[in-house]
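Asker: from the sequence below, what's the structure:
(one chain, ligands or ions: 1)
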Amino acid sequence: MAFELTAEHLAIRRAVEEFGREEIRPVAAEHDAQHSYPVELVQQAADLDLVAPHVPAEYGGAEMDTLATTIVTEELWRADPGIGSAIGSRGFGSTMLLHFGDEWMKERWLPRLVEGEVACASAISEPAHGSNVAGMETIAERDGDQYIINGRKMWITNANIADIMVVMAKTKPADGHRGISAFLVPTEIDGLATEPIENKLGIRASDLGEVILEDVRVPADHLIGDENRGFYQLMEFFANGRVSVAAQAVGVAQASLDAATEYAREREQFGRPIEEFQAVSHMLADMATAVEAARSLTYRAATAIEAGHDERATRLASMAKLFASERAVEVADDAIQVHGGAGYVSDHPVERYYRDARITKIYEGTSEIQRSIIADHLD
Ligand SMILES: Cc1cc2nc3c(=O)[nH]c(=O)nc-3n(C[C@H](O)[C@H](O)[C@H](O)COP(=O)(O)OP(=O)(O)OC[C@H]3O[C@@H](n4cnc5c(N)ncnc54)[C@H](O)[C@@H]3O)c2cc1C
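Answerer: Numbering: from 1, shown residues only. Now for the predicted structure:
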């Protein structure tokens, strides 16, 4: 399948690139060093229609297609992965709301989400169950016209800043993945507490925490979609999440390549710029080739998703996520090599990119899980 960027896609790329260059890059190192959440930049991004840009116009969104949202993610991460993550994750869970939520949920929350007024989180992983989503132990018990939710969620992006969460819980614990349901949970509710996780390797401008749910009572109409269908609802959009992480990986890889190329042109050894040494220029050539290949696969996967969520889209999304994330870590590593000793300290952004890139091999399904999915979907 071919992909083609329209004039609109190119205009979106230019707009995000400019926002990244002018507003994000200058403050990126500071946010990383201070682990500070970029409140103002999130608002600026929302004003530019970059928060949850897939949301349809009827709920105030920019209604971008999958390729356009992929480009937005890529350029935000190219500007800075930590701040890109903070902006890009505001809409976590919104896809579930959009496709399976009742009309009142969408009308109440989606416009405020795209305006930057509220943040959402998606709470799936648990301390004892990450890759094995079906093993989750959080339980939602029906009690009259309410559900009572009990459990712990781990590694939740936006845990401490979210206004609402999409919480996955077992409504029929004996039935494994056939007994999971999705719930809309406002975070100010009694019984919900969060614990910040502040010792992350990278993407430090992004919020992360643990969520503790103790006798949290939500009205029965806060069930999203059908009871016991939550796992299947989640599965329908796994491919989107994976392409999004692939785009993050392409963005941080491109940023690493940009920084390495610039440094190689300026740094002189033995009386000439180091880019004139074939060992260095070949390293840059390999990095550029890896970035371009990862981008192509990612755009192909985005195009396949746009055409319909079929077997091919699932396979391509996992391939893109696997390939782009592994290349991103290698390219960021090479960018440090090009910088020599200067790459090992925080004076240059490549030290940060190396730490930031690493997450793309872990979340939304690890590399090992992606390989299993690809193997299961071979023709
Ligand atoms: C910064 C960050 C943000 C995150 N954000 C969110 C979020 O917003 N919401 C959310 O719900 N979760 C989130 N996560 C959780 C993330 O999705 C999980 O960490 C990831 O799915 C892996 O689960 P785990 O950490 O429990 O590792 P485990 O599942 O324990 O895996 C450990 C190792 O075993 C391997 N492994 C496990 N099972 C298999 C298998 N069947 N075959 C081969 N190898 C296997 C894994 O590949 C890995 O190498 C986030 C994590 C991080 C670090």
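Asker: now stretch 367-379: buried residues?
Answerer: Neighbour-count burial for stretch 367-379, counted by 16 or more other C-beta atoms under 10 Å, picks out 367, 369, 370, 373, 374. Every residue, glycine included, has its C-beta placed from N, CA and C.
Asker: could you list which of those also contact the ligand?
Answerer: Contacts with the ligand within the buried residues of stretch 367-379, counted by C-beta under 6 Å from any ligand atom: residue 369.
Asker: helices - which of the buried residues of stretch 367-379 land there?
Answerer: Among the buried residues of stretch 367-379, the residues falling in helices (DSSP state H) are 367, 369, 370, 373, 374.
Asker: one step back: turn the buried residues of stretch 367-379 into a markdown table, including distance to residue 226 and pLDDT.
Answerer: Output for the buried residues of stretch 367-379, formatted as a markdown table (distance: C-beta to C-beta, whole Å; pLDDT from 0 to 100):
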| residue | distance to residue 226 | pLDDT |
| --- | --- | --- |
| 367 | 32 | 98 |
| 369 | 26 | 98 |
| 370 | 28 | 98 |
| 373 | 24 | 96 |
| 374 | 29 | 97 |
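Asker: show me the contacts for the residue of the stretch 1-150 of the chain found nearest the ligand.
Answerer: Nearest residue of the stretch 1-150 of the chain to the ligand: residue 130, at 1.8 Å (C-beta to the nearest ligand atom). Under the criterion of C-beta atoms under 8 Å, 6 or more residues apart in numbering, the neighbours of residue 130 are 154, 155.
Asker: name the nearest of the buried residues of stretch 367-379 relative to residue 325.
Answerer: In terms of C-beta to C-beta, no member of those lies closer to residue 325 than residue 367, at 6.6 Å.
Asker: now do the same for the residue nearest the centre of the chain: its pLDDT.
Answerer: With distances taken as C-alpha atoms, centre = their mean, residue 245 lies nearest the centre of the chain, 5.2 Å away. At residue 245, the predicted lDDT confidence score is 98.
Asker: that one: helix or strand, and which one exactly?
Answerer: Taking DSSP states H and E as the criterion, the element that holds residue 245 is helix 238-266.
Asker: check which helix or strand covers residue 328.
Answerer: Assignment of secondary structure by DSSP H and E places residue 328 within helix 311-339.
Asker: pLDDT (mean, whole number) over stretch 47-57?
Answerer: For stretch 47-57, the mean pLDDT works out to 98.
Asker: actually stretch 352-361, not the one I wrote
Answerer: For stretch 352-361, the mean pLDDT works out to 98.
Asker: from residue 342, how far off is the residue lying farthest from the centre of the chain?
Answerer: Computed with C-alpha atoms, centre = their mean, the maximum C-alpha offset from the centroid of the chain is found at residue 271, amounting to 43.6 Å. Applying C-beta to C-beta, to the nearest Å, one obtains 19 Å for the distance of residue 271 from residue 342.
Asker: what helices or strands is the helix holding residue 245 leaning on?
Answerer: Contact here means 3 or more C-beta pairs under 8 Å, 6 or more residues apart in numbering; DSSP states H and E; on that basis helix 238-266 packs against helix 66-79, helix 81-88, strand 272-273, helix 278-307, helix 311-339, helix 350-357.
Asker: what are the pairing partners of whatever helix or strand comes next after that helix, and which direction each?
Answerer: As assigned by DSSP H and E, the chain's next helix or strand after helix 238-266 is strand 268-269. Pairing partners of strand 268-269, with direction, according to DSSP bridges: strand 272-273 (antiparallel).
Asker: which residues touch the partner strand?
Answerer: Counting by C-beta under 8 Å, 6+ apart, 264, 265, 266, 267 sit against strand 272-273.
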